[in-house]
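Engineer: Show me how the following folds:
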Amino acid sequence: FERRRREQGAMDLPLCHPFGNVEEWELARWIIKNIGQTQTDSLLALPIVRLSYHNNYSMMKLVDNLPSGPEWTCDMVHVVGDRIDEHGRPMEADLKCWMRDPLDCIHELMGNPAFRDAFCYAPERAYTDEHGTNHLYDEMWTGNWWWDTQLKLPPGAVVAPIILSSDKTTLMRHRGDKEAWPVYLTLGNIARGVRCRPSSHANILIGYLPTSTLGTLFTSATQPLAKYRLFHYCMGQIMKPLIQAGTDGVEMTCPDGWIRRVHPILAAYIADNPEQCLIACCQENACPSCPVDVKRKGDPLHTNFRDPEETLSAIRAYVEQNHSPLFEAHALRAIPDPFWANLPHANIYTCFTPDLLHQLHNGVFGEHLVKWCTQLLGNKEIDARYERMSPFPGLRQFKSGISRVSQWTGREHQEMQSVFLGVLTGAVTGAVIGAVADDWMKMAKALLDFVFHARLHAQTTRTIAGLLKALDRFHQSKHVVINTGIREHFEIPKVHSMVHYAAFIESHGAVVGFNTETPERLHIDFAKRAYRATNKRDYTSQMTQWLRRQEAVDVADAYLTWCKHVDNPSLVPVSEGPDKLIHEFKRQQNDRGVLASVGDIPGMPPRVIRIAVKSPAPKTRTDTLITKYGALQFTTALNSFLSNKTAHSVQASDRDTFAAYHKLSVTQMPTQFTGDRLYEYHVHAVLGSPAQGRKSEHHPSFDTVLIVDPEGDSGVRGVPGIDACLRPARVRALFTIPERLGTDTGLLAYVELFTRLGPRDAPTGMFQVAPSTRNRRRHSYVIRVDDIVLPCHLVPKSSPPSAWPRRWKTHTVLDDASQFLVNTHVDLHTY
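Structural biologist: Next up is the predicted model:
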C-alpha cells in the first residue's frame, strides 16, 4: 500500500486510479459486487448515467488494471487410462488443474495490514493460574505443535502454519453434473475469530482440482485408485513451491511492516472423512490418523498416529513387490507419491483436524444418538416432548417434532442438542426399567457432554480432562445400546474419531478454529457465485477471471480505506477480534434506552442492560399487573422492596399506575470459552394477543431467569461458588415506579421464585427445582433488573416418570408442571 501510494503521488494520479474519481469507483465497486453483465449494460446505458465507462466491457478494462492477487495458471494433466480404444491404444485425456502459487498467496496474507492486530509470530504458553498447572489452549500458537516445530528451525525464524482445506462441491442447485473442487489456504498466525470469518478475506483460493471421474479412461476396478493418484499429483503440483520455502525460509513483509524470514509449513488440513482417507492414502473404512484395526474402532483405544515414513515404505514396497504385510494391516492404498511426502517438517497424520460438523453434530449426535433413542422410545414420544418443551429466549421450538424432517443441518442439530437430555428425562425410565434406564441416560449424557466440551472456544488441562472423562463414561455405558438390540457393534468411524480430539487440542488449540463449516461457507463465494457469473461453458476459466476481478475490487477497497485512515489517524478503524468487541460493547453502552452497565458479579463478564426508550404500556394499573400479568402479590412485594431498598417511606397503593415494559435486552461480553461474539439474550414479560386477520395468535411470554438469591446471606459477593448464590425465578412484570414512590430504583422486575438449586437429578446431573410457595401462595419478590444474571431454561419433569401429560403445552407447561430440571445444556454459555 505504501509503495502504491508513493507511485501514485509521483505520477500525480488519484488514489482511485484507473478510475477518474471516487464516485466512478464506488459505482463500479457496487456493480461488480451485486449485478451481472446484462444488467450492467442496461444501467450504464441510461441517459442519466454519465461516466468515463459506458458499458460492462469498458468498465472491466479499468478493473483489470487494478492490482489483484496472485495470478492463475492452468496445468494440463495428461492421463493415460487402461481402457483400449478402437485403434487398440490406451485411452488418453488432458485434464485442467487451475492453480496459484501458494507462496505468493502466503506473501499476500503476511503483508495484509488489516491483520496487524490479529497476527502472532511466535508460540506462547498460556495458563489460567499463577502456578502454571492449568494449561490454556485456544489459538493455534498456544498448542504444542508450534513449539515443537519452532525448535526445528534456526533462531529468529518465523513459522507460518499453513491450514489447507478442500471439499468437492456441486455448482448447481437442482443438477449435480457440474462440480468444482476448490482448495483453500490460510495461516495459523491469524487469530481464529478473523481467520474463520469470510468477510476478512483470510482464506485464499489456491486451486481448482480436476473433478473428472475418469470413468471413460479406466475400468471400474482401477478407476478409484486412478482418481486418488490424480488428486495427489495435482496437489503435489500446487504445493511444490513450499518444499524449498519451508526448508530454507523466505523473507516476507509482515502485517506490522517488519521483514522476517518465514518458513511456511503444513500444519493442518480441514476435510471430511472420505477426503481425509484420500489424503492419508488409506481405505475409507480405516482411520486416517491412526492404524487402529477396523474391527476395534468401537474400543477406547488411544493408538499412536500413523508414521509417514513407515506408510511410504509400506506403500512403495507393495507397489514394487505386490505384497507388504504392513500395507494390508494398515488398510493402505497404492499411492507411491503422495503430495505430502516431501513437505518439510510436516506429518500429515497429525494435520487432520477434528470435524465438529460431520463427526459430532451430524454424525455421533444426528446419525447415531438420535436414531438410537428414537428406536428405543418411538417417534411419537420424542416428537411429543419436543412439541411441548418449555420456552427459553432464542430456543427453537420444534412445533411438529423432529421425525418428519429428512435432512438436518449442523445448526439444527445443535438446536436439538440444547434440549435433548431434557427430552429423554423420564421417557427412558418409562421405556426400560432399572439399571438399563440409568445406563442409557449415562450414555446419552456422556455423548452430549463430549460434544459441548469439544465446542468450547478455549480449552484447559481441566476441560480436556472433562472431555476424556465424558468419553470414558460413554464407553462404560454404551453396552446398553447393544443389550437393547439396537446395535450389534460400535465399529463406527465417527465414534472412533472422538479419541483424537484431546491430542489435537493439546497440539493445535481449540477445535472450533478448524471446522468444515468454514470451507462450506467459502464455497458460496469461490464456487457457486463464481459459476453463476459464467456462461456455463469452460466455466472454470471464467470462474478464475471473475474471482480475480472480485479480489482486485477488494484490494482496492482496502487500499482506499487504509489511505483514508493514514490521512486522518482519528478515523483508524477498529480491527477484528477483541478490540472490535469492546468497541461494539461500548457503543451499546451509549445507545438510547440503556438502563445500566454492570459487572460486579464475580465470575460474570460485564454486561449492558437495555430497554425501550418509551414504555409500550406507560399507564398500567395495579389490577392489570395482578390479573393479566399474574403478579398476584405485586403490592405486597413492591412495598417490601421499597422499605428495604429505598429511603422513602411512601407505600404503593392499588391506585398507582406503572410504566410496564415487554422486553429486557442484555448484552454480555463473551468469555474465552464461549467465543468471539457478544452474548445477547432477551427477557420477556409480555401479554398475549388473539389472532386477528392474517395475524396469528401470540401466547403470553414470561421468561425464567437465574437471579441473585434475594434470600441469600450476602448475595453473590463473598459467597464461594456462584451456584450457591443463584436462584431460578420467573419474570412476571418489568416496570418502573411512579415518581411519588421514588426515582432512584430504575427498572424493576416482579419475579416468582423457585426453590434453591439442588439436589441434582442422578441420571442427568441437572439441578432439581420446584415452584417456591409461602403460605400456599407463590413466593414472590420485586428486584432490580441488574440482579438478573442469566436466562434459565427449566425442563418439566413428570412424576412418576412417564409420558408427559397431553394438557402440557409449550406456553402453559411452566404453570402446569410441578417439578423442573435446570437445563445445563441449553446453550454453550450456560454449559
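Engineer: from here on, contacts and neighbour counts on C-alpha atoms
Structural biologist: Will do.
Engineer: Which of the helices or strands spans D177?
Structural biologist: For D177, there is no enclosing helix or strand under DSSP states H and E.
Engineer: I meant L625, not that one.
Structural biologist: Here L625, judged by DSSP H and E, is contained in helix 622-627.
Engineer: And the average pLDDT for that helix is what?
Structural biologist: In this model, helix 622-627 has a mean pLDDT of 93.
Engineer: got the buried residues for that helix?
Structural biologist: Within helix 622-627, the residues scored as buried using 16 or more other C-alpha atoms under 10 Å are T622, D623, L625, I626.
Engineer: other SSEs contacting it?
Structural biologist: Here helix 622-627 touches helix 634-645, going by 3 or more C-alpha pairs under 8 Å, 6 or more residues apart in numbering; DSSP states H and E.
Engineer: List of residues touching the helix it packs on?
Structural biologist: With C-alpha atoms under 8 Å, 6 or more residues apart in numbering as the test, helix 634-645 has contacts from 622, 625-626, 648-649, 651-654, 750, 780-783.
Engineer: Can you tell me which of the buried residues of helix 622-627 is nearest T674?
Structural biologist: Closest approach to T674 among the buried residues of helix 622-627 (C-alpha to C-alpha): L625, at 37.1 Å.
Engineer: Do I have it right that the closest one meets A733?
Structural biologist: Yes: using C-alpha atoms under 8 Å, L625 is in contact with A733, at 7.3 Å.
Engineer: any idea how far the spatially closest residue to L357 that is not a sequence neighbour lies from V294?
Structural biologist: Nearest non-adjacent residue to L357, counting by C-alpha to C-alpha, 6 or more residues apart in numbering: G410, 5.8 Å away. When distance is defined by C-alpha to C-alpha, to the nearest Å, G410 is 27 Å away from V294.
Engineer: Point me to the helix or strand that includes A446.
Structural biologist: helix 434-455.
Engineer: from the chain's centre, how far out does that helix sit?
Structural biologist: Relative to the chain's own centre, helix 434-455 is displaced by 23 Å; criterion: C-alpha atoms, centre = their mean, to the nearest Å.
Engineer: Which residues belonging to that helix are considered buried?
Structural biologist: For helix 434-455, by 16+ other C-alpha under 10 Å, it's 436-455.
Engineer: can you list the residues that contact that helix?
Structural biologist: 356, 360-361, 364-365, 369, 417, 421, 424-425, 428-429, 431, 463-464, 466-468, 470-471, 473-475, 477-478, 480-481, 501, 510-512, 763-764, 825, 828, 831.
Engineer: Check which element follows that helix along the chain.
Structural biologist: That would be, after helix 434-455 and using DSSP H and E, strand 459-460.
Engineer: which strands and helices sit next to that following strand?
Structural biologist: For strand 459-460, the packing partners by 3+ C-alpha pairs under 8 Å, 6+ apart come out as strand 135-137.
Engineer: Counting neighbours, what do you get for the closest residue to E697 other than its chain neighbours?
Structural biologist: Leaving aside its sequence neighbours, E697 sits nearest to A691 (C-alpha to C-alpha, 6+ apart; 4.0 Å). Number of residues near A691 (other C-alpha atoms under 10 Å) recorded here: 11.
Engineer: mind pulling up the phi and psi values for A691?
Structural biologist: When read as degrees, to the nearest 10, the backbone of A691 gives phi -70, psi 140.
Engineer: hang on, isn't it packed against H698?
Structural biologist: Yes: if you go by C-alpha under 8 Å, A691 and H698 touch, sitting 7.4 Å apart.
Engineer: Whichever strand or helix holds I783 pairs with which strands?
Structural biologist: If you go by DSSP H and E, I783 is part of strand 780-784. Using DSSP bridges, strand 780-784 pairs in its sheet with strand 748-753 (antiparallel).
Engineer: quick check: angle from the partner strand to helix 634-645?
Structural biologist: Comparing the axes of strand 748-753 and helix 634-645 via axes from the mean of the first three to the mean of the last three C-alpha atoms, to 10 degrees yields an angle of 110 degrees.
Engineer: same question for the following helix or strand past strand 748-753, mean pLDDT?
Structural biologist: Per DSSP H and E, strand 748-753 leads on to strand 768-769 as the next helix or strand towards the C-terminus. For strand 768-769, mean pLDDT is 92.
Engineer: so what does strand 768-769 touch, helix or strand wise?
Structural biologist: Judged by 3+ C-alpha pairs under 8 Å, 6+ apart, strand 768-769 is in contact with strand 820-822.
Engineer: Work out the gap between the strand it packs on and the centre of the chain.
Structural biologist: 27 Å.
Engineer: Residues in contact with it: which ones?
Structural biologist: Under C-alpha under 8 Å, 6+ apart, the answer for strand 820-822 is 422, 761, 766-770, 792-797.
Engineer: Show the pLDDT at the closest residue to V813 other than its chain neighbours.
Structural biologist: Among residues not flanking V813 along the chain, S390 sits closest, at 6.1 Å (C-alpha to C-alpha, 6+ apart). Looking at S390, its pLDDT reads 92.
Engineer: ok, S390 to V822 distance?
Structural biologist: In this structure, S390 and V822 are 11 Å apart, going by C-alpha to C-alpha.
Engineer: any common contacting residues for the two?
Structural biologist: Counting by C-alpha under 8 Å, 6+ apart, the common neighbours of S390 and V822 are H793, L794, V795.
Engineer: Please name the residues that touch the residue lying closest to P102 once chain neighbours are set aside.
Structural biologist: Leaving aside its sequence neighbours, P102 sits nearest to I206 (C-alpha to C-alpha, 6+ apart; 6.3 Å). Neighbouring residues of I206 by C-alpha under 8 Å, 6+ apart: M99, R100, D101, P102, C105, P182, V183, Y184, L185, I238.
Engineer: ditto for A527
Structural biologist: Shown in contact with A527 (C-alpha under 8 Å, 6+ apart): L171, A180, P182, M543.
Engineer: Look at the third one and say how many residues are nearby.
Structural biologist: A count of neighbours around P182, defined by other C-alpha under 10 Å, yields 24.
Engineer: That one against N203, yeah?
Structural biologist: No: using C-alpha under 8 Å, P182 and N203 do not qualify as a contacting pair, with a distance of 11.7 Å.
Engineer: measure the residue nearest to K297 when sequence neighbours are not counted to T350 for me?
Structural biologist: Nearest non-adjacent residue to K297, counting by C-alpha to C-alpha, 6+ apart: E491, 4.8 Å away. Separation of E491 from T350 (C-alpha to C-alpha): 22 Å.
Engineer: now swap in Q276 and tell me
Structural biologist: On the measure of C-alpha to C-alpha, Q276 and T350 end up 11 Å apart.
Engineer: Any chance of the shared contacts of S390 and V822 in CSV with secondary structure, pLDDT and distance to P154 as columns?
Structural biologist: Compiled in CSV, the shared contacts of S390 and V822 are given as follows (DSSP: H, G, I helix; E, B strand; the rest coil; pLDDT from 0 to 100; distance: C-alpha to C-alpha, whole Å):
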residue, secondary structure, pLDDT, distance to P154
H793, coil, 94, 54
L794, strand, 95, 57
V795, strand, 94, 58
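Engineer: What does the pLDDT read for A749?
Structural biologist: The model reports A749 with a pLDDT of 94.
Engineer: One more: P805?
Structural biologist: Looking at P805, its pLDDT reads 83.
Engineer: That one should be in a strand, yeah?
Structural biologist: No: under DSSP: H, G, I helix; E, B strand; the rest coil, P805 sits outside any strand and is assigned coil.
Engineer: Point out where this structure drops to low pLDDT.
Structural biologist: Within the chain, the stretches with pLDDT under 70 are 174-176, 430-431, 433-434, 569-603, 645-649, 713-724, 743, 800-802.
Engineer: residue closest to the middle of it?
Structural biologist: With distances taken as C-alpha atoms, centre = their mean, the residue of the chain nearest its centroid is V512 (6.4 Å).
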